[in-house]
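Asker: sequence first, then the predicted structure:
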Amino acid sequence: MATRTFFVCGNWKSDVNTDAVTTLISALNGKLKFCLKSFKVVVSPPQVFLNLTRSSLRRDVDVASQNFWMEMEKKGCYSAEISAEMLVNLGITWVIVGHSERRQLWGELDELVGEKVEYALSQGLKVIACVGENVEPGGSDLTTQIKAIVDHVTDWTNVVLAYQPAVGASWKVATEVHKRLREWLHSNKTSAVAQSIRIIYAGLTTKYKKLSRKENIDGFLVGEGSLTPRFLKIVDQAVNKYYPGTQFGEHEDPLTVSDKILRALRAANAMKKDNPNSHAQAARIWKLERELINMDDVLVKSKKDIKTVNDLRARNDHWVVTIHVQGTRLRSTMVPATYEHLMNSNWIF
Ligand SMILES: O=C[C@H](O)COP(=O)(O)O
């Protein structure tokens, strides 16, 4: 499987008000329990809600603007427009460029789209660059659109390509076009670019689960479906591609052993503070031990030989952690239990 970070962006277009935005933010804040390092979730509210969204949404969900104004000449007076610089100043990290609605309704042409992509990147924004078949009769074809973008990008790390199909296109068409787009990038750029770039699907569909499992589909730009709890479901289904059996909010990335212990110790330490000597505490610690053992199927990438962490006991202000490697006790480590210590120390292995 390619190692491209899966990417799901909810584009709230112009269909929301303050209540809806607040509700959507709390749904995301409440459901997502862990940072999804290998899975990027982004939301794109209308510009009037960018500040509200950025200030109240959890930090590991990024925020995208649906557009920006590029100062074609020097700084000037452009009433009502919002520049890339303003977005950066607000803490917005992504911007959508070349959405079919901007192309159709505001006449944004390929060359402008390419220039906007380049300018946004130069200002430190990441870009969701849209190309598609949802254009006016006589509009440019997919290859021309993509070429106009490609010519303005040198580093693809911060660019996601969103494919917007013609209305009514089936999921089968989507998979075929994504494949062709990657082949085009392979032939016209490099194989490294073709393999690393994320191509996300930005069409109306109910087949998110199916599509998320296709090799060349690296995520979604979701319009209408991002305005309801369905969005969480879409993310769930995609998360499941990588972590079968998990749900959005329950999934966590494979953790290192030290991450796991650190997390358990933090929890144990908090319990200890609350209730220093109770049996209940001992029982909870026992539960934590089990939890660590139950996570043993998660292998530690950088230290392949360490397989289990199966002992965690309290001794005054310290905790003893025993590491077992393939059934044999490797070592016991005494670790300090204060929160500050745990946060700052480099104690493990
Ligand atoms: O920005 C998203 C695309 O325009 C798809 O929107 P949709 O999911 O409402 O069809």
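Answerer: Everything's here; your move. Numbering: from 1, shown residues only.

Asker: going by C-alpha atoms from here, please, whenever you check contacts or count neighbours.
Answerer: Noted.

Asker: count of neighbours near Gly30?
Answerer: 11 (other C-alpha atoms under 10 Å).

Asker: what pLDDT is listed against it?
Answerer: At Gly30, the predicted lDDT confidence score is 74.

Asker: that one: which element?
Answerer: Under the criterion of DSSP states H and E, Gly30 resides in helix 18-31.

Asker: who does the helix or strand just after that helix touch, helix- and strand-wise?
Answerer: As assigned by DSSP H and E, the chain's next helix or strand after helix 18-31 is strand 39-44. For strand 39-44, the elements it packs on are strand 6-11, strand 62-65, judged by 3 or more C-alpha pairs under 8 Å, 6 or more residues apart in numbering; DSSP states H and E.

Asker: list the helices and strands the helix holding Gly30 packs on?
Answerer: Using 3+ C-alpha pairs under 8 Å, 6+ apart as the contact definition, the elements that helix 18-31 packs against are helix 50-56.

Asker: what about the helices in the chain?
Answerer: Secondary structure of the chain, counting by DSSP state H: helices at 18-31, 50-56, 84-90, 100-105, 110-122, 142-150, 171-188, 191-196, 208-212, 230-242, 257-274, 279-294, 339-344.

Asker: of all the helices and strands packed on strand 39-44, which one comes closest to the ligand?
Answerer: strand 6-11 (5.2 Å; C-alpha to the nearest ligand atom).

Asker: measure how buried Glu71 is and give me the count.
Answerer: The burial count for Glu71: 16, using other C-alpha under 10 Å.

Asker: now it: how far from the ligand?
Answerer: For Glu71, the distance to the ligand equals 24 Å [C-alpha to the nearest ligand atom, to the nearest Å].

Asker: what about the closest residue to that residue other than its chain neighbours, distance to Ser65?
Answerer: Excluding the flanking residues, the one nearest Glu71 by C-alpha to C-alpha, 6 or more residues apart in numbering is Ser83, at 7.4 Å. Separation of Ser83 from Ser65 (C-alpha to C-alpha, to the nearest Å) stands at 10 Å.

Asker: have a look at these two and say which one is more surrounded.
Answerer: In this view Ser83 and Ser65 are compared by other C-alpha under 10 Å, and Ser65 has more residues nearby, 27 against 16.

Asker: got the contact list for the more buried one?
Answerer: For Ser65, the contacting residues are 44-47, 50, 87, 92, 94-96, by C-alpha atoms under 8 Å, 6 or more residues apart in numbering.

Asker: now pLDDT, distance to Ile199 and neighbour count too, for the residues you listed, in a markdown table please.
Answerer: Shown next, in a markdown table, are the contacts of Ser65 (pLDDT from 0 to 100; distance: C-alpha to C-alpha, whole Å; neighbours: other C-alpha atoms under 10 Å):
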| residue | pLDDT | distance to Ile199 | neighbour count |
| --- | --- | --- | --- |
| Ser44 | 98 | 18 | 27 |
| Pro45 | 98 | 21 | 25 |
| Pro46 | 97 | 23 | 20 |
| Gln47 | 97 | 25 | 18 |
| Leu50 | 97 | 25 | 21 |
| Leu87 | 96 | 24 | 23 |
| Ile92 | 97 | 21 | 22 |
| Trp94 | 98 | 16 | 28 |
| Val95 | 98 | 16 | 25 |
| Ile96 | 98 | 14 | 24 |
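
Asker: got JSON lines for those residues, with distance to Gly203 too?
Answerer: As requested, the contacts of Ser65 are exported to JSON lines (distance: C-alpha to C-alpha, whole Å):
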{"residue": "Ser44", "distance to Gly203": "16"}
{"residue": "Pro45", "distance to Gly203": "18"}
{"residue": "Pro46", "distance to Gly203": "19"}
{"residue": "Gln47", "distance to Gly203": "22"}
{"residue": "Leu50", "distance to Gly203": "24"}
{"residue": "Leu87", "distance to Gly203": "26"}
{"residue": "Ile92", "distance to Gly203": "24"}
{"residue": "Trp94", "distance to Gly203": "20"}
{"residue": "Val95", "distance to Gly203": "18"}
{"residue": "Ile96", "distance to Gly203": "15"}
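
Asker: thinking again about what came up before, can you mark which positions in the helix holding Gly30 are buried?
Answerer: For helix 18-31, a neighbour-count test (16 or more other C-alpha atoms under 10 Å) marks 21-22, 24-25, 27-29 as buried.

Asker: that older thread, which one of the helices and strands packed on strand 39-44 has the lowest average pLDDT?
Answerer: strand 6-11 (a mean of 93).

Asker: before we move on, the earlier item: for the helices and strands packed on strand 39-44, give me JSON lines that also has distance to Asn216.
Answerer: Listed next are those as JSON lines, based on distance: least, C-alpha to C-alpha, whole Å:
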{"stretch": "strand 6-11", "distance to Asn216": "11"}
{"stretch": "strand 62-65", "distance to Asn216": "23"}
